[in-house]
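1. here you go, sequence then predicted model.
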Amino acid sequence: MNYDPPTPAERVVARKRWIRCLVFLLVILAAAYYLIFVNQYVVAYKDNVDHFKYGSIGSEPANGFPILVFKALPVMFRDELGPTGYRRFGMLYETEQSELPVGMSRRIVTGVERVWLNCAICHVGTYRISLNDRPTYLYGAPANNLRLFDLLKFFLMVSRDPRFTADNLIDTINSPAVGGHLNVIDRLIYRYIVFPRVQTALQHLAQQVSFISRQADWGPGRVDTFNPYKAIQFNFPMDAAHITDAELNGSSDFPSIWQQRPRDGMHLHWDGNNTSVDERNLSAALGAGVTPVTVDIAAIHRIRRWIWTLAAPAFPLPSAIDQSKVERGRQLFANYCAGCHGMKNASGQYDYDTNRYPRLGQIEALDAIGTDRDRWASYTQNFSAAQNTLYAGYPWRFTHFSKTGGYANQPLDGIWARSPYLHNGSVPTLRDLLEPSACNAGSACRPAKWYRGGDILDTAKVGYRSDGYGYDVKDLFLYDTSVAGNSNRGHEGKAYGTELPSADKDAIVEYMKTL
């Protein structure tokens with residue numbers, strides 16, 4: 001075969017073609033580098049409340065869903081969730097047109113818009129006075145509506161459901177219900193990159209938290225604070241041979257997070273395992289899906305500055321306060337409650353002075369307080385030691401976590417908005433808390449079974465109504481105090497006012513409405 005060498009003109013054309021190919025390849029590599037390593041940004045919010053509700057704290061890179069996947073799942077599994085979608089889990093949408101619920105943020109990661117949780121998911125409550133009222137949001141209050149246990153179970157169901165396929169996901173995203181409009185390239189990306197990653201992540205999560213099949217349902221407004229943390233952050237073994245039943249069932253109510261400045265230095269968390277507000281905030285962020293690598297310190301510090309002085313909400317119905325009983329209630333509260341919890345001073349401001357109230361923010365021994373031990377048991381010495389290794393190499397490394405001997409006495413500012421009561425939310429109202437747990441013939445006592453998950457206030461007894469009023473009870477959660485971790489015992493006896501006459505108990509409740 002004869003070979004004719006290229007002419008000078010052909011060599012020029014070939015060289016130009018090679019240069020164009022090289023330039024094209026470099027452009028592709030640069031674009032890939034930009035998408036993977038550079039193209040990360042978040043939506044900034046000018047208003048602090050908006051930042052609290054929707055601002056990213058860094059949970060999306062490690063644990064976030066692509067927003068189109070998040071929006072597609074309730075459409076794909078409508079038979080499981082019904083027409084309300086994520087609202088079934090108590091997630092709060094400010095309007096019918098809201099794309100995301102309160103407590104979810106977005107961040108562009110590797111060129112894809114991802115969404116996941118922030119602080120507000122656990123710290124926005126709602127209330128209504130009357131059945132037909134629109135819910136009023138309480139920023140910084142416990143998320144009394146949120147059903148994290150059910151949300152987690154839903155994602156685990158998705159991980160093993162045969163309907164969760166690339167074809168079904170792409171078709172759902174392109175459906176009018178989601179409106180994704182994936183083009184040919186997008187379809188390939190979702191089929192061969194996005195779907196496999198989401199499916200693998202969900203399957204891995206299912207393996208990590210398989211222990212929840214042995215747990216009692218947390219119920220709305222409650223969370224197992226530390227066991228998922230142990231499994232996901234530290235890969236602790238969670239089988240029956242390594243964890244006791246008491247440690248397994250330590251679900252507790254979400255706390256309020258207002259007025260953090262006077263709390264700094266007090267024992268925080270229900271069991272008082274930390275005295276640093278900054279570490280408490282970073283620890284909670286880890287629970288929302290942040291990792292030590294992805295944490296957005298500036299965003300969390302902005303929230304910290306806001307909640308540092310965030311005022312506790314005032315009781316919303318002043319006309320429901322019996323002023324004739326308030327002064328008597330104040331005197332009784334000073335005698336029975338203020339030593340552990342503080343109270344309002346003469347100027348009407350809550351007094352957090354630990355010199356005046358030396359047990360405020362301190363630990364009450366388990367035998368003294370007598371409340372359910374399981375939340376205390378769920379926080380172990382080994383876990384405490386592991387926590388203090390987090391953020392190693394950073395100025396904000398944890399150093400304050402420790403195992404305590406009981407539960408912490410907390411200020412009661414805004415206590416009307418923190419129902420139900422006790423650390424595990426086992427008592428529906430303040431008035432019920434002033435009764436003993438044991439029911440004797442003819443005497444009042446704390447309810448053994450009652451409904452939680454509603455947001456209609458009981459303005460007389462102070463708390464959310466627990467009789468199912470205004471709801472189909474199938475949509476509520478029947479709280480059973482005989483279930484592991486749910487005991488309503490403790491915080492009772494002469495020292496706690498449960499032996500006072502009924503009129504005195506009523507007076508204390510009237511005063512507590514003013515806190």
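-> Now that the structure is in, tell me what you want to look at. Numbering: from 1, shown residues only.
2. so what's the predicted local confidence for the residue nearest to Gly221 when sequence neighbours are not counted?
-> Using Cβ to Cβ, 6 or more residues apart in numbering and skipping residues adjacent in sequence, the residue nearest Gly221 is Asn144, 4.3 Å away. For glycine as for every other residue, the C-beta is placed from the backbone atoms N, C-alpha and C. Asn144 carries a pLDDT score of 95 in this model.
3. surely Asn144 touches Ser419?
-> Yes. Counting by Cβ atoms under 8 Å, Asn144 sits close enough to Ser419 to count as a contact (7.2 Å).
4. pLDDT below threshold where in the protein?
-> Scanning the chain with the threshold set as pLDDT under 70 gives 1-4, 10, 23-41.
5. residues contacting Arg446?
-> By Cβ atoms under 8 Å, 6 or more residues apart in numbering, the contact list for Arg446 reads 426-427, 432-433, 435-437, 481, 488.
6. among those, name the ones in helices.
-> 432-433 (DSSP state H).
7. and which of the contacts of Arg446 is nearest Phe149?
-> Proximity of those to Phe149 was ranked by Cβ to Cβ; the top entry is Ser426 with 16.4 Å.
8. in space, what's closest to the closest one - neighbours in sequence excluded?
-> Leaving aside its chain neighbours, Ser426 sits nearest to Asn488 (3.8 Å; criterion: Cβ to Cβ, 6+ apart).
9. now swap in Asp264 and tell me
-> Val277 (4.4 Å).
10. what's near enough to touch the one you found?
-> Neighbouring residues of Val277 by Cβ under 8 Å, 6+ apart: 260-261, 263-264, 268, 304, 308.
11. which of those residues are buried?
-> Neighbour counting over these (16 or more other Cβ atoms under 10 Å) leaves 260, 263, 268, 304 as the buried ones.
12. what sits up against stretch 155-166?
-> Contacts made with stretch 155-166 from outside it, assessed by Cβ under 8 Å, 6+ apart, are listed as 73, 76-77, 80, 190-191, 195-196, 199, 202-203, 205-206, 209, 212.
13. swap the cut-off to 7 Å and go again
-> Taking Cβ atoms under 7 Å, 6 or more residues apart in numbering as the criterion, the residues outside stretch 155-166 that touch it are 73, 76-77, 80, 190-191, 195, 199, 202-203, 205-206.
14. what does stretch 369-378 give?
-> The set of residues external to stretch 369-378 that reach it, using Cβ under 7 Å, 6+ apart, is 226-227, 244, 246-247, 249-250, 252, 270-271, 366, 406-407, 422-424, 426, 484-485, 487, 489-492.
15. any chance of a PyMOL selection covering the buried ones in these?
-> A single PyMOL command selects the buried members of these (16+ other Cβ under 10 Å):
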select buried, resi 226+227+246+247+249+250+252+270+271+366+406+407+422+423+424+426+485+487+489+490+491+492
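16. take the contacts of stretch 369-378 and keep only those in helices.
-> Mapping the contacts of stretch 369-378 onto helices (DSSP H) picks out 227, 246-247, 366.
17. OK, contacts around Arg359?
-> 339-340, 409.
18. among these, which one lies nearest to Ile67?
-> When those are ranked by distance to Ile67 (Cβ to Cβ), Asn409 comes first, at 42.7 Å.
19. look up phi and psi at the nearest residue to that closest one once chain neighbours are set aside.
-> Counting by Cβ to Cβ, 6+ apart, the nearest residue to Asn409 once its immediate chain neighbours are dropped is Cys340, at 4.0 Å. The phi/psi pair for Cys340 (degrees, to the nearest 10) reads phi -100, psi -30.
20. any idea how far Cys340 lies from Ser324?
-> Look at Cys340 and Ser324: by Cβ to Cβ, to the nearest Å, they are 27 Å apart.
21. looking at those two, which is more packed in?
-> Counting neighbours by other Cβ atoms under 10 Å for Cys340 and for Ser324 shows that Cys340 has the greater number, 22 against 9.
22. any idea how far Asp458 is from the more buried one?
-> As judged by Cβ to Cβ, Cys340 and Asp458 stand 24 Å apart.
23. can you check Pro5 too?
-> Relative to Asp458, Pro5 is positioned 96 Å away (criterion: Cβ to Cβ).
24. more neighbours, those two?
-> Legend: neighbour count by other Cβ under 10 Å for Pro5 and Asp458, higher for Asp458 (18 against 7).
25. the residue nearest to Gly221: how many residues sit nearby?
-> The burial metric for Asn144, expressed as a neighbour count using other Cβ under 10 Å, is 27.
26. got it, and His242?
-> A count of neighbours around His242, defined by other Cβ under 10 Å, yields 11.
27. what do you get for the one 3 residues further on?
-> Around Asp245 there are 13 other residues, counting by other Cβ under 10 Å.
28. and the one 3 residues further on, by the same measure?
-> Leu248 sits with 22 neighbouring residues when counted by other Cβ under 10 Å.
29. now do the contacts for it.
-> For Leu248, the contacting residues are 211, 214-215, 227, taking Cβ under 7 Å, 6+ apart as the criterion.
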